[in-house]
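Enquirer: fold the following, please.
(2 chains)
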Amino acid sequence: MTAVIEARGLTRSYKGKPALNGADFRVDQGRIVGLIGPNGAGKTTALKAILGLSPFEGELRVLGMDPRTQRDELMKDVCFIADVAVLPRWIRVQEAISFVEGVHPRFNRKKCEAFLAHTKLTPAMKVKEMSKGMVVQLHLALVMAIDAKLLVLDEPTLGLDILYRKQFYQNLLSDYFDDNKTILITTHQVEEVEHILTDLLFIRDGKISLSTTMDEMAERFTEVMVSADRAEAARSLKPLDERQIFGKSVFLFDGIRRGELAALGETRTPSVADLFVATMKGTYA
Amino acid sequence: MKTLPWLLRREFWENKGGFFWAPVITAAIFFTFTLMALIGFSVFKNHFMGDVHIGVSLRQLTDNMSHEQLADVGKGLNVALAMLGNIIQVVLFFVVFFYLLGALYDDRRDRSVLFWKSLPISDRDTVLSKVISAAFVAPLIALAVLIALQLAFLLLLSVYCLFYGINPLTMIWGAAAPFTLWSKMLILLPINALWALPTMGWLLLVSAFFRSKPLLWAILLPVGAALLINWFDILSSFNIPDTRFWKYGVARLLAGVFPGAYQIEFGIGEIAPGVHVAGAAGATTWTQIGQVLTSPSLWLGAIAGVVMLFGATRLRRWRDEA
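Expert: Numbers count the residues shown, from 1 in each chain, chains lettered A, B, ... in the order given. A predicted model of the protein is given here:
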C-alpha cells in the first residue's frame, strides 16, 4: 500500500499550548479515514498542517510532498472542504464553475454539471441567495468534479439537516470514491460516517490514541451485555468501560477473544461512538 | 498557465460594482446634469441675462465669434473635458483604495479564503492579480467610461450648436483636443501604477495582516507616526523638516493610488504655489514625464512598495485563521 499521508512527531503549539504533541499516523491510498477527537484535541490543526495552511514541526509527507514548501503543486492533487459553506457570497454558480475549470487542471465541467442537474441550483444563482444546504451541494459538486487523489473534509455537514447530510455521504460514496482516491474526514457526527469509514484515527491531547482499520477494530473490541450476577466476573477481565442499561451492565473489552466473552453474555461489536466515549473518558475533567 | 487571467476575471466579477458601475453611474449623473443645463438654458435664454457655464459659456457659444474667441472656446472645452476626467478619477481613487484595503481581508473575514486556498493557485498570483486589477483593470475601465462620457458631452454640445445654426465641426470638434487627453492618460497609466506601488503595497499589507478594522489601521499607523514625529520634533534634530514625513511617508502610503498623485510633488499643473489646475493629466508635458521617471522618489517608493507586496504575499501564505 502506498502512503498518502505520513506523519511522524507532528507538533504545533499555539502560544505555548500544544495543539499537536508529536502525533504519528499514516493514511493509505484507497481508504476512507475518520479523524475523530473531542474539541480542542488537534483535529483541525492536523488538517491545516496536511493542507499546508499552517506551519508545524516534525515530519509530514502528503503524496510524497512537503505541504510547507510544495503547497502549490500539492493542491493539484488535494482538495478540501473546510467547515461548511465557505464559498464566497458574491459568486454565481456559473462563475464558480468557470473559475474552477480555468484554474484546476483536473476539473471536469460535465461531471460538475451532471451533479448540479440533480439539485435546484441554477447557473445564475448567487451563493448569498442559497440555503446552507444548497451551498454545500454546490461546493460538493465542484469538488467531486475534481479528480483529486486526496479529499479532506472538515466537518463538511455541520449545520445541515438530516436529508442533506445523508445525501452528502451517499453522493460521496457512490459517485466519487474509488480505489485511487483517499478521503480524510473529521466530524462530531460519528454515527453518520461510521458505516462509510474504512479506517479510524482517534486523536486526544494532540496525540493519536488509536489507529485501526474498521475490521481490526471489530476484532479487537467487544461489547458484552452482562446480567448483574456475572458482573464481578466481567470486571475481573479489566474492561475499558462499564455502563448500565435496563439493569444490565454493558462492558467494553479490548483485546479479549469473543469466544471467551460469550460465556458472560451477549457479545457484539461496539459502535464507533461508544468506543469513542469510552476511550475519551476524562478528557474535559 | 492561464491562472492569472482567471484571477483577474474573478476580481472583476467580485468588484463589478466598484470597477464598472461606480464610474458609469457617476458619468450618467454628470451627463444628465449637463443635458438639463443645456435644455434649461435654451428654454430660459431670453428671459434672463445671466449665463451658464459648463466649462464654456453657453451664451458665448451661440454668439458670433472672432478667431481669438474661438481659441478661448477650445481652451474652455478642454478644461471642461479635464474636469469630467477628474470627477471620474476621484471616484476611481475611492474605488481602488477600498478595493485594496479589502482585497486580502474580506475573504478572511467571511472564511471564503479557505475555498480559494483549496485550489491550486499560488499566493504570489493571488496578490499579483489584486495589484494588476488596481493598477490597470480598474483605471482602464474608468478611462473607457470617461472617453464615452466626454464623447457624449461633445456630441451634446454639437447638437446644441446645430440648433443655433452653428457648425459644430469647427466650433466643437475643431476646438477641443480630446484625443491628446486620452492618449496622455493612457500613457500615464503605467507611471501612475509605478507611483502607486507603495500605497498598493501598504494597503495590501494591512489587508493581509489585521483581523479587524483594516481602514482604521491603514490610516492610523502612518498618520499617528507623522503626528508623533511632529510632536516630538524628531526629524528636525537631523535637520530634516517635519513636513518631509507627511510628504514622503503619509502621502505615498495613502494617496498614491490617486491618478497622477505625483503631480503635486513635481509641481505639474501648478499655477500658484500649492494651487493646481484641475486635470493636469492632459497638461503633463513629455519633459515632466521624463522628470518623474528619472526621480529617485519614484523608484525608492516603488522598491518599498514591492517589499511590502512580498510581505503581503508571505502573510497571505501563513496567516492562520484559527
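Enquirer: near chain A, which residues of chain B?
Expert: Counting by C-beta under 8 Å from any C-beta of the partner chain, chain B comes close to chain A at B:2-3, B:5-7, B:9-10, B:13-14, B:107, B:110-122, B:317-318, B:320, B:322. Yep, even glycine has a C-beta here, placed from its N, CA and C like the rest.
Enquirer: quick check: buried residues in the lengthiest helix in chain B?
Expert: Counting residues, the longest helix found in chain B (DSSP state H) is helix B:67-103. Across helix B:67-103, burial judged by 16 or more other C-beta atoms under 10 Å in any protein chain shown covers B:72-74, B:76-82, B:84-89, B:91-93, B:95-97, B:99-103.
Enquirer: same check, this time on stretch B:123-132
Expert: For stretch B:123-132, burial by neighbour count (16+ other C-beta under 10 Å) applies to B:123, B:125, B:126, B:127, B:128, B:129, B:130, B:131, B:132.
Enquirer: the last one reaches residue B:9, doesn't it?
Expert: No - judged on C-beta atoms under 8 Å, residue B:132 makes no contact with residue B:9 at a distance of 11.6 Å.
Enquirer: do I have it right that residue A:239 meets residue A:249?
Expert: No - checked against C-beta under 8 Å, the pair residue A:239 and residue A:249 is beyond contact range at 9.1 Å.
Enquirer: center of chain A - which residue?
Expert: Geometric centre of chain A, nearest residue: residue A:185, 2.0 Å, by C-alpha atoms, centre = their mean.
Enquirer: so what touches the helix or strand hosting that one?
Expert: Residue A:185 belongs to strand A:182-186 when elements are defined using DSSP states H and E. For strand A:182-186, the external contacting residues (C-beta atoms under 8 Å, 6 or more residues apart in numbering or on different chains) are A:4-5, A:27-37, A:43-44, A:47, A:50, A:149-156, A:172, A:177, A:193, A:197.
Enquirer: same question, stretch A:241-258
Expert: A:220-228, A:231, A:234-235, A:237, A:239-240, A:261, A:264-265, A:267, A:270, A:274-275, A:277-278, A:281.
Enquirer: please redo it, this time with the cut-off set to 6 Å
Expert: A:220-227, A:231, A:234, A:239-240, A:267, A:270, A:278 (C-beta atoms under 6 Å, 6 or more residues apart in numbering or on different chains).
Enquirer: picking up where we left off before, now the buried residues of stretch B:123-132 as JSON lines including secondary structure and distance to residue B:138?
Expert: Listed next are the buried residues of stretch B:123-132 as JSON lines, based on DSSP: H, G, I helix; E, B strand; the rest coil; distance: C-beta to C-beta, whole Å:
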{"residue": "B:123", "secondary structure": "helix", "distance to residue B:138": "22"}
{"residue": "B:125", "secondary structure": "helix", "distance to residue B:138": "18"}
{"residue": "B:126", "secondary structure": "helix", "distance to residue B:138": "17"}
{"residue": "B:127", "secondary structure": "helix", "distance to residue B:138": "16"}
{"residue": "B:128", "secondary structure": "helix", "distance to residue B:138": "15"}
{"residue": "B:129", "secondary structure": "helix", "distance to residue B:138": "12"}
{"residue": "B:130", "secondary structure": "helix", "distance to residue B:138": "11"}
{"residue": "B:131", "secondary structure": "helix", "distance to residue B:138": "11"}
{"residue": "B:132", "secondary structure": "helix", "distance to residue B:138": "10"}
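Enquirer: what kind of secondary structure is residue A:80 in?
Expert: Counting by DSSP: H, G, I helix; E, B strand; the rest coil, the backbone at residue A:80 sits in strand.
Enquirer: ugh, wrong one, I meant residue A:256
Expert: coil.
Enquirer: what does the stretch 101-250 of chain A put close to chain B?
Expert: The stretch 101-250 of chain A comes close to chain B at residues A:102, A:103, A:104, as judged by C-beta under 6 Å from any C-beta of the partner chain.
Enquirer: select the longest helix from chain A.
Expert: helix A:132-144.
Enquirer: show me what that helix is packed against.
Expert: strand A:78-82, helix A:109-117 (3 or more C-beta pairs under 6 Å, 6 or more residues apart in numbering or on different chains; DSSP states H and E).
Enquirer: just to revisit the earlier point, show me which of the contacts of strand A:182-186 are buried.
Expert: By 16+ other C-beta under 10 Å, these give A:4-5, A:27-29, A:31-37, A:43-44, A:47, A:50, A:149-156, A:172, A:177, A:193, A:197 as buried.
Enquirer: just the ones of those in helices?
Expert: Per DSSP H, the subset of the buried ones among the contacts of strand A:182-186 in helices is A:43, A:44, A:47, A:50, A:193.
Enquirer: quick check: the farthest pair among these?
Expert: A:50 and A:193 (18.1 Å; C-beta to C-beta).
Enquirer: could you list the low-pLDDT ranges of chain B?
Expert: B:1, B:45-67, B:70, B:234-237, B:239-240, B:242, B:269-283, B:320-322 (pLDDT under 70).
Enquirer: now do the strands in it.
Expert: Remark: strands assigned in chain B by DSSP state E are B:53-54, B:56-57, B:270-272, B:275-276.
Enquirer: what's the burial count for residue 146?
Expert: All of this is about chain A. 24 (other C-beta atoms under 10 Å in any protein chain shown).
Enquirer: wait, chain B
Expert: Using other C-beta under 10 Å: residue B:146 sits among 26 other residues.
Enquirer: wait, is residue A:202 part of a strand?
Expert: Yes - Residue A:202 forms part of a strand when assessed by three-state DSSP.
Enquirer: next, residue A:283: secondary structure please.
Expert: Assignment for residue A:283 (three-state DSSP): coil.
Enquirer: for the nearest residue to it once chain neighbours are set aside, give its distance to chain B.
Expert: Once flanking residues are discounted, residue A:283 sits nearest to residue A:38: 4.8 Å by C-beta to C-beta, 6 or more residues apart in numbering or on different chains. Here residue A:38 is placed at a distance of 17 Å from chain B (C-beta to the nearest C-beta, to the nearest Å).
Enquirer: ok, now how distant is residue A:38 from residue A:186?
Expert: Distance, residue A:38 to residue A:186, by C-beta to C-beta, to the nearest Å: 12 Å.
Enquirer: and if you look at residue A:117?
Expert: From residue A:117 over to residue A:186 the distance is 30 Å, taken as C-beta to C-beta.
Enquirer: so for the two, which sits in the more crowded spot?
Expert: Per other C-beta under 10 Å, whichever of residue A:117 and residue A:186 has more neighbours is residue A:186, with 22 against 9.
Enquirer: give me the pLDDT for that one.
Expert: Reported pLDDT at residue A:186 in the predicted model: 91.
Enquirer: one more: the one 3 residues further on?
Expert: The predicted structure scores residue A:189 at 82 on the pLDDT scale.
Enquirer: so how many other residues sit close to the nearest residue to it once chain neighbours are set aside?
Expert: Excluding the flanking residues, the one nearest residue A:189 by C-beta to C-beta, 6+ apart is residue A:157, at 6.8 Å. For residue A:157, the neighbour count with other C-beta under 10 Å is 25.
Enquirer: with adjacent residues omitted, what lies nearest to residue B:204?
Expert: residue B:312 (4.2 Å).
Enquirer: next, give me the two most distant ones among the contacts of stretch A:241-258.
Expert: Across those (C-beta to C-beta), the longest gap, 24.6 Å, separates A:220 and A:227.
Enquirer: now residue B:23: how far from residue B:91?
Expert: 6 Å.
Enquirer: and what of residue B:194?
Expert: Taking C-beta to C-beta, one finds residue B:194 at 22 Å from residue B:91.
Enquirer: follow-up on the earlier one: gap between the longest helix of chain B and the chain center?
Expert: Its chain's C-alpha centre and that of helix B:67-103 lie 9 Å apart, by C-alpha atoms, centre = their mean, to the nearest Å.
Enquirer: packing partners for that helix?
Expert: helix B:22-44, strand B:56-57, helix B:138-163, helix B:178-209.
Enquirer: relative to residue A:87, which of these is closest?
Expert: helix B:178-209 (20.6 Å).
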